[in-house]
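# Could you work out the structure for the sequence below:
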Amino acid sequence: MFVTNHARVLLAVAAGPQQTVRQIADQVGITERAAHRVIANLVDAGYLDRRRVGRRAEYRLNVDKLHVESNDRARAVRELVALLATSPRP
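Residues are numbered from 1 along each chain as shown. Next up, the predicted model:
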């Protein structure tokens, strides 16, 4: 797959921050356990913020976190999400 599971989880969270981890996993096409690991990686790296809402966790995209590309140009996560979210789907 061209787009990593990390990017796909970011897009899923951007589309619906109130989704459960199970819903995100189903949307991305990975196991719930894998989704937990990806989300934990993204939270640790600062790309997602986690907030408890009652018994559930809510995830928000940290749109100002910079993503450094291989050619050392910095792009904001919001640009990445905008680009991938508007890409045509087969």
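# what are the ranges of the helices in this structure?
Taking DSSP state H, the helices of the chain run over residues 5-15, 21-28, 32-44, 77-85.
# Report the distance from the second one to the chain centre.
This points to helix 21-28. Here the centre of helix 21-28 is set off from its chain's centre by 11 Å, with CA atoms, centre = their mean, to the nearest Å.
# now for that helix, which elements pack on it?
If you count contacts as 3 or more CB pairs under 8 Å, 6 or more residues apart in numbering; DSSP states H and E, helix 21-28 packs onto helix 5-15, helix 32-44. Every C-beta, even on glycine, is put in place using the N, C-alpha and C of the backbone.
# Return the set of buried residues in that helix.
Val21, Ile24, Ala25, Gln27, Val28 (16 or more other CB atoms under 10 Å).
# nearest to Ala7, of the residues you listed?
In terms of CB to CB, no member of the buried residues of helix 21-28 lies closer to Ala7 than Val28, at 9.7 Å.
# from memory that closest one sits against Leu10, does it?
No. Assessed by CB atoms under 8 Å, Val28 is found out of contact with Leu10, at 9.9 Å.
# Save the helices of the chain as a markdown table, and put in mean pLDDT and distance to Arg50 too.
Formatted as a markdown table, the helices of the chain follow (pLDDT from 0 to 100; distance: least, CB to CB, whole Å):
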| stretch | mean pLDDT | distance to Arg50 |
| --- | --- | --- |
| helix 5-15 | 90 | 10 |
| helix 21-28 | 95 | 11 |
| helix 32-44 | 96 | 5 |
| helix 77-85 | 69 | 16 |
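# Nearest to Arg52 among those would be which one?
helix 32-44 (12.6 Å).
# Show residues contacting the closest one.
Outside of helix 32-44, the residues within contact range by CB atoms under 8 Å, 6 or more residues apart in numbering are 5-6, 9-10, 21-22, 24-25, 28, 30, 48-50, 59.
# Starting from Leu42, give me the distance back to Arg8.
Shown here: Arg8 relative to Leu42, a distance of 11 Å by CB to CB, to the nearest Å.
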